[in-house]
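**Q** sequence unknown, structure follows:
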């Protein structure tokens, strides 16, 4: 399966303090809107999302159809294909993409340690 760009979405208490901290580690703003309490930051190929009061925990995020610069790639597996593989493997999905649709959709599952994994296709 081609899962796309990888990032970690962090549930932060103070987005401004987190931005300052990660800036000192060499991360720079890549996207988002800090006034809406979310920001995407990048250092090389490492991507982190800072989300204040949006999620109950940290989330592993994968974006089919995107590279590490959030640019569209032509060769990717649609989320519905990924979903089918996940189901066939016997893993339990917490939320599913509507198989009757095309384009943007998402699904979630939880790993054995309770980490949430979000597969989020934007196109």
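**A** Nice, thanks for sending it over. Since this is a predicted model, take the numbers as computed values, not measurements. Numbers count the residues shown, from 1 in each chain.
**Q** so what pLDDT did the most centrally placed residue in the chain get?
**A** Centroid-nearest residue in the chain: residue 61, 2.5 Å away (criterion: C-alpha atoms, centre = their mean). At residue 61, the model reports a pLDDT of 96.
**Q** what does residue 113 give?
**A** Model confidence at residue 113 (pLDDT) stands at 87.
**Q** Residue 57 versus that one, what's the distance?
**A** 11 Å (C-beta to C-beta, to the nearest Å). Quick note: C-beta positions are derived from backbone N, CA and C, even for glycine.
**Q** same thing with residue 18?
**A** 15 Å.
**Q** Compare those two and say which is more crowded by neighbours.
**A** residue 18 (19 against 10; other C-beta atoms under 10 Å).
**Q** Measure how buried the residue nearest to that one when sequence neighbours are not counted is and give me the count.
**A** Distances taken as C-beta to C-beta, 6 or more residues apart in numbering put residue 12 closest to residue 18, at 4.2 Å, once the chain neighbours are dropped. Residue 12 is flanked by 24 other residues according to other C-beta under 10 Å.
**Q** list the contacts for residue 12?
**A** Residues in contact with residue 12 (C-beta atoms under 8 Å, 6 or more residues apart in numbering) are 18, 50-52.
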